[in-house]
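Here is a sequence together with a model predicted from it:
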There are 4 protein chains.
Amino acid sequence: MGKTHHLEPHLFYYTYGPAEPALVVKPGDTVVTKTRDASGLDEKLRPLPRSLKATSPITRYHEGNPLVGPIAVAGARPGDALAVHIRRIELNRPTAWSSFVPHFGGFTGEGPGRGLLLHSPLPTQRFEWRLDRKRNVGTLTLKRSKVKEIRVPLHPFIGSIGVAPRFGRVETALTPGEYGGNMDCIETRAGTTLYLPVWVEGALLYFGDIHAAQGDGEVCGVALESSAEVTVELGLRKAWPLEWPGLEDRSHIMVAASTRPLEDAFAIAHVEMVKWLVADFGYEKWEAYQVLSQVGTARVGNMVDPNYTVVAKFPRKYLPGAR
Amino acid sequence: MGKTHHLEPHLFYYTYGPAEPALVVKPGDTVVTKTRDASGLDEKLRPLPRSLKATSPITRYHEGNPLVGPIAVAGARPGDALAVHIRRIELNRPTAWSSFVPHFGGFTGEGPGRGLLLHSPLPTQRFEWRLDRKRNVGTLTLKRSKVKEIRVPLHPFIGSIGVAPRFGRVETALTPGEYGGNMDCIETRAGTTLYLPVWVEGALLYFGDIHAAQGDGEVCGVALESSAEVTVELGLRKAWPLEWPGLEDRSHIMVAASTRPLEDAFAIAHVEMVKWLVADFGYEKWEAYQVLSQVGTARVGNMVDPNYTVVAKFPRKYLPGAR
Amino acid sequence: MGKTHHLEPHLFYYTYGPAEPALVVKPGDTVVTKTRDASGLDEKLRPLPRSLKATSPITRYHEGNPLVGPIAVAGARPGDALAVHIRRIELNRPTAWSSFVPHFGGFTGEGPGRGLLLHSPLPTQRFEWRLDRKRNVGTLTLKRSKVKEIRVPLHPFIGSIGVAPRFGRVETALTPGEYGGNMDCIETRAGTTLYLPVWVEGALLYFGDIHAAQGDGEVCGVALESSAEVTVELGLRKAWPLEWPGLEDRSHIMVAASTRPLEDAFAIAHVEMVKWLVADFGYEKWEAYQVLSQVGTARVGNMVDPNYTVVAKFPRKYLPGAR
Amino acid sequence: MGKTHHLEPHLFYYTYGPAEPALVVKPGDTVVTKTRDASGLDEKLRPLPRSLKATSPITRYHEGNPLVGPIAVAGARPGDALAVHIRRIELNRPTAWSSFVPHFGGFTGEGPGRGLLLHSPLPTQRFEWRLDRKRNVGTLTLKRSKVKEIRVPLHPFIGSIGVAPRFGRVETALTPGEYGGNMDCIETRAGTTLYLPVWVEGALLYFGDIHAAQGDGEVCGVALESSAEVTVELGLRKAWPLEWPGLEDRSHIMVAASTRPLEDAFAIAHVEMVKWLVADFGYEKWEAYQVLSQVGTARVGNMVDPNYTVVAKFPRKYLPGAR
């Protein structure tokens, strides 16, 4: 049985990349920590003080999605896979916010971070959701609609989670990729194991940006943004080179691919799934393709960020030895 | 209570478009008929005889997805919506087939019907699925994989269903659009009502191409192709101009949009959903956008045809008066 | 030497498709006729009278780009290629117009014919260009800019030209394809030969929609729309099955491909060029690919219509026997 | 008159980003230096020794396109634009090479750096071009084609040129962006001024990867790769915040935009051009849009890299004061 570490962050990061580990753990250890929301607010809605922001002497970051980390896993080496068993995501405040941001979102004709049309941006708006954590319900009061109140089941998940990428740094705010990142997949929730490729010694895991709930595609670009106490157990799968993040829960194995355009993300996720079925589960390539075509499901994580994320899902019951 | 018509097709059609109705019904009437599979095979695996194929003196059709119809609904006029209540899809033979077709499918770099790469096409293959209709299970024997048998729950749905389009004809084989068509959406199943825009007198409904089961995106391009006895009740919603097909089942209202690239289909389906929430359900536009962002789900019907189909889904429980 | 026919149209068509020929010619014959502009105006700015519009008893057309035709070429059979030698395009009035159309154009987030965003459409505007046919110059007066007058060299070309498609009908207004159509390529000008695949007896050529000038991509969706007297010589290349339109002028052989998204049009045009180099000019496939990569040029015809058009161009001087 | 610096690189870089300047110059100064080809070969075909490769203690770079630099321009500050006047590109060896790389190129179904299809990669091949610098001709001997020899006019240009990006580092090998980079635009040739946004003190210019010739789109992914002596004069335009690289030559002003998919790059380049016409040349927005639509040209720089590059071009003669 591993050890449990309580991580009190002294710095929040705006980049995935090499940095001094906030914590070094062994495979099998568990980490408990509190994350801030996408704008830096904590469980008491206090903003992130300047002193807690990791900065760079040579460049300025887009300040979105401050993350905890990096957590180094002893023994993790390039070519291994980091296993992040997400054990618990405990929302720790009674509110979440959402908003519309100029030139941002799936229906605004945004390019990578800016408008690519001659239109003016859509109007900025902010929405305050109330979280009833006992009943697991988020509530939004509508002011200009016939429906006066929306009550949604909460399904908290980690919006941004990833490791130091193969090369350089990536800002936490926006661009998911092979290293994970701001995938905004509802599947990175309690009960899921996320596999991430390791490119640097220790892997260097970062996470945060909890969403209390979100629809497919996160079409306005912003979910129910909140803070939480998060518990993850970390493991290693040695010499398991991944091209893209893999996920597992009770019912499915999954691949999350992030790129543009959407059809490329869709194709990569499914082709990687075929490869996974061949490499680890004894499927012949064309039979895997046929079975995936008939039993696979897919979800669009986000269609907003500079890169779009698609999750290809294959039911565990069609894996060898399943019952 | 409407009348029930048993339609014995004298012709199967390879185009959606104007034609002499096979049957004229009144709103509220029910139609029971037998469809053939995508290749024309009936419940005894007999091929479609030449005499039953609708032909044209001036052009040749691609012979995929022969459909029953057209069924005219008395009183249907341009600007109305046809309501197709899908009551029952009874698979009527013990087999379904699937296959890989050269330059066809989501991972082959196909253009509209042909390869757009310098690669050779993927290998042609055919797969025979056995259907256990009592247990509602389809079974495929694998020959080159560790898993020896795949057993999938059957969820029969109508692969191709549509009306005479706004203009001209569309071949039934491939290209879905505003008029419906080969959307390959699993949602066009028993229990769903499909709304289609009416562009010609009588609407002229065609359908067929039953799939016994299929994964999201139909990634190899071919599902569990089979035949069935289909029961639909037809209704009219007068003066309800639709831009794209709408759907309803017990849990959701939905919009199905079909175009290329995939992100455009995704955007259109969701923007049309916002418009529907505003037009019929008293939502203010921006509040509709916010709520859809948090509670909407989306499914990729197919990522194969010349046009890709995305279904945007909004839970009924967030409509006014729902409980 | 062929015969010269002066065609006085009794009907203008809004579809490419089967119809009674307005004229039957022999290979080698020349046709001289007058086209109307995209909105139906003739050389005296008279609108197209209802009596000259080809109509359908069963469907309504989008009334854009009324075309002359169809011209049947005796002996043209499916599998042949029609050669349209464009001899002369004589602008025949002193004005051209351009405009902005709601939800239309390359920067408006348009889907196939409508907006796919939550934005309102861009403002409608109309621009009147004066044509000095002696000096070959088009002039636009600007009212709100520092530059007060724009004078562009005229380079008249045929915006819409095509044959009856493989199947059914296509409206002339918008959607180019394998059959040609509204490609809006500046290359379909005097001096160019356009090759179109023949799918029906006689080929059935239609054309019109003259542009006096246009930029690459026709980004606002509308060029300098005008009328002209057009002279074409028609030829046949027997048993030369084309997948997409080919073009030739003094300097280049070309392929025009039209689809969505833009990268697929780009890829198809170039892959077809490789195939053409192999099939007709003795190139080995990979050497053709290498040479095309280094000497090919490409132009975006339009990035506006439901389908985008890309022209891949290969210099004649790299063909065998060239000097 | 500025000073001329002869830069003998002690390090070649595989990233755009912060680094100790190899040279600090003043606005108006000129730099003369020798670049290596994309694979690191110099004018005598000697490989790049390990000692001349800039490395990182914490990450490994993809070793493509080793660049000279960084050159700091005194006084350059975020919000300024760096002006790179390309004075001379003198090819300095008698050969160039091209090649096909697995899963790379516009027709291979590549994703960002890997195959996204089930196909095997296209065959690897290498092509040796001979450069006759006196006659300015590149020659390739074909072995399996009817044409035996291809002779192309050389038009040497800088394939990769850019500054330290807004944030972090980008590898030189592949991904162009707002900072410039591997745009593979034929316009970055002698006679052109390239404007790049400044994000860090001194701007930090890098360049290399000379192409002796290339077709539009660089469709196989590799041009005529060679080495050269390059002369650039550096200037500053203070307080001129650019969103994307601008270019100017005798005939055109231009914007180069790089993203995926191709239509977004096309749209961004043109929308930025409209903005430029408004901001600096007194055009009213909608009149700029109309004029650009009629006189603009566009070129696809590359359709290969993880990001595609499109250059929108506007003729100088339509700028105020031009004649």
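In hand now; what should we look at? Numbers count the residues shown, from 1 in each chain, chains lettered A, B, ... in the order given.

Give me the buried positions along the helix or strand where residue A:287 lies.
According to DSSP states H and E, residue A:287 maps onto helix A:285-295. Buried residues in helix A:285-295, defined by neighbour count with 16 or more other Cβ atoms under 10 Å in any protein chain shown: A:286, A:287, A:288, A:289, A:290, A:291, A:292, A:293, A:294, A:295. Just so you know, the C-beta spots here come from the backbone N, C-alpha and C atoms, and that holds for glycine as well.

With stretch A:68-88 instead?
Residues A:68-73, A:76, A:80-86 are the ones in stretch A:68-88 that count as buried (16+ other Cβ under 10 Å).

Please apply the same query to stretch A:178-192.
Residues of stretch A:178-192 classed as buried by neighbour count (16+ other Cβ under 10 Å): A:178-190, A:192.

Just name the closest of those to chain C, please.
Comparing the buried residues of stretch A:178-192 against chain C with Cβ to the nearest Cβ places residue A:184 closest, at 19.9 Å.

so what pLDDT did the closest one get?
Residue A:184 is assigned a predicted lDDT (pLDDT) of 96.

Just give the number of residues close to the residue nearest to it when sequence neighbours are not counted.
Ranked by Cβ to Cβ, 6 or more residues apart in numbering or on different chains and with sequence neighbours excluded, the top spatial neighbour of residue A:184 is residue A:302, at 4.0 Å. Residues contacting residue A:302 under the criterion other Cβ atoms under 10 Å in any protein chain shown number 26.

and residue A:302, what does it touch?
Each residue near residue A:302 by Cβ atoms under 8 Å, 6 or more residues apart in numbering or on different chains is listed here: A:176, A:182, A:183, A:184, A:185, A:217, A:218, A:221, A:308, A:309.

Name the pair among the residues you listed with the greatest separation in space.
Within the contacts of residue A:302, A:185 and A:221 form the most distant pair, 15.0 Å apart (Cβ to Cβ).

Nearest to chain B within the stretch 201-323 of chain A, name that residue for me.
Going by Cβ to the nearest Cβ, chain B is nearest to residue A:282 of the stretch 201-323 of chain A, at 2.7 Å.

Tell me which residues touch the residue lying closest to that residue once chain neighbours are set aside, please.
Leaving aside its chain neighbours, residue A:282 sits nearest to residue B:146 (2.7 Å; criterion: Cβ to Cβ, 6+ apart). With contact taken as Cβ under 8 Å, 6+ apart, residue B:146 is in contact with A:281, A:282, A:283, A:320.

Likewise for residue A:75?
Going by Cβ under 8 Å, 6+ apart, residue A:75 touches A:26, A:27, A:236, A:238.

Equivalent analysis for residue A:133, please.
By Cβ under 8 Å, 6+ apart, the contact list for residue A:133 reads A:91, A:94, A:154.

Partner strands of the helix or strand of chain A with the lowest mean pLDDT and their direction?
Among the helices and strands of chain A, strand A:170-171 carries the lowest confidence by mean pLDDT, DSSP states H and E, at a mean of 88. Applying DSSP bridges to the sheet, strand A:170-171 is found paired with strand A:15-16 (antiparallel).

immediately after the partner strand, which helix or strand?
Sequence-wise, the next helix or strand downstream of strand A:15-16 (DSSP H and E) is strand A:23-25.

Which of the residues in that next one are classified as buried?
Judged by neighbour count using 16+ other Cβ under 10 Å, the buried positions of strand A:23-25 are A:23, A:25.

so what secondary structure elements neighbour that strand?
strand A:4-7, strand A:68-73 (3 or more Cβ pairs under 8 Å, 6 or more residues apart in numbering or on different chains; DSSP states H and E).

Are the longest one and chain D in contact anywhere?
It refers to strand A:68-73. No: judged by Cβ under 8 Å from any Cβ of the partner chain, strand A:68-73 and chain D are separated, with a smallest distance of 12.0 Å.

Show me what that strand is in contact with.
Contacts for strand A:68-73 (Cβ under 8 Å, 6+ apart): A:7, A:9, A:12-13, A:19-27, A:31, A:33-35, A:82, A:164, A:201-208, A:234, A:236.

Give me the buried entries from those residues.
Looking at the contacts of strand A:68-73 with 16+ other Cβ under 10 Å, the buried ones turn out to be A:7, A:9, A:12-13, A:19, A:21-23, A:25, A:27, A:31, A:33-35, A:82, A:164, A:201-208, A:234, A:236.

Output the below-cut-off pLDDT ranges for the stretch 51-200 of chain A.
Applying pLDDT under 70 to the stretch 51-200 of chain A flags the ranges A:108-116.

what does it put close to chain B?
Counting by Cβ under 8 Å from any Cβ, the stretch 51-200 of chain A sits next to chain B at A:98, A:100, A:106-107, A:123, A:125, A:127, A:138, A:140, A:142-147, A:150, A:152.

Okay, and which of these map to helices?
Taking DSSP state H, every one of these sits outside helices.

Which of those fall in strands?
Members of those lying in strands (criterion: DSSP state E): A:98, A:100, A:125, A:127, A:138, A:140, A:150, A:152.

Could you tell me which of those count as buried?
Buried subset of those (neighbour count, 16+ other Cβ under 10 Å): A:98, A:100, A:127, A:138, A:140, A:150, A:152.

Save the residues you listed as CSV, and put in distance to chain D too.
Formatted as CSV, these follow (distance: Cβ to the nearest Cβ, whole Å):
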residue, distance to chain D
A:98, 26
A:100, 21
A:127, 28
A:138, 33
A:140, 32
A:150, 33
A:152, 32
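
of those, closest to residue D:267?
The closest of those, once distances to residue D:267 are taken by Cβ to Cβ, is residue A:100, at 21.5 Å.

I figured the closest one was touching residue A:124, is that so?
Yes: using Cβ atoms under 8 Å, residue A:100 is in contact with residue A:124, at 5.8 Å.

Buried ones in the helix or strand hosting residue A:279, by neighbour count?
Using DSSP H and E, residue A:279 falls within helix A:262-281. Neighbour-count burial for helix A:262-281 flags A:262-278, A:281 (criterion: 16+ other Cβ under 10 Å).

coming back round to it: now the two most distant members of the buried residues of stretch A:68-88.
Within the buried residues of stretch A:68-88, A:68 and A:80 form the most distant pair, 21.8 Å apart (Cβ to Cβ).

Are any of the contacts of residue A:133 buried, and if so which?
Among the contacts of residue A:133, those buried by neighbour count (16+ other Cβ under 10 Å) are A:91, A:154.

Of the contacts of residue A:133, which belong to helices?
Judged by DSSP H, those include no members of helices.

Turn the contacts of residue A:133 into a markdown table, including distance to chain C.
Shown next, in a markdown table, are these (distance: Cβ to the nearest Cβ, whole Å):
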| residue | distance to chain C |
| --- | --- |
| A:91 | 30 |
| A:94 | 31 |
| A:154 | 27 |
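
need the residues of the stretch 201-323 of chain A near chain D, please.
For the stretch 201-323 of chain A, the contact set with chain D under Cβ under 8 Å from any Cβ comprises A:243, A:259, A:260, A:261, A:264, A:267, A:268, A:271, A:274, A:285, A:289.
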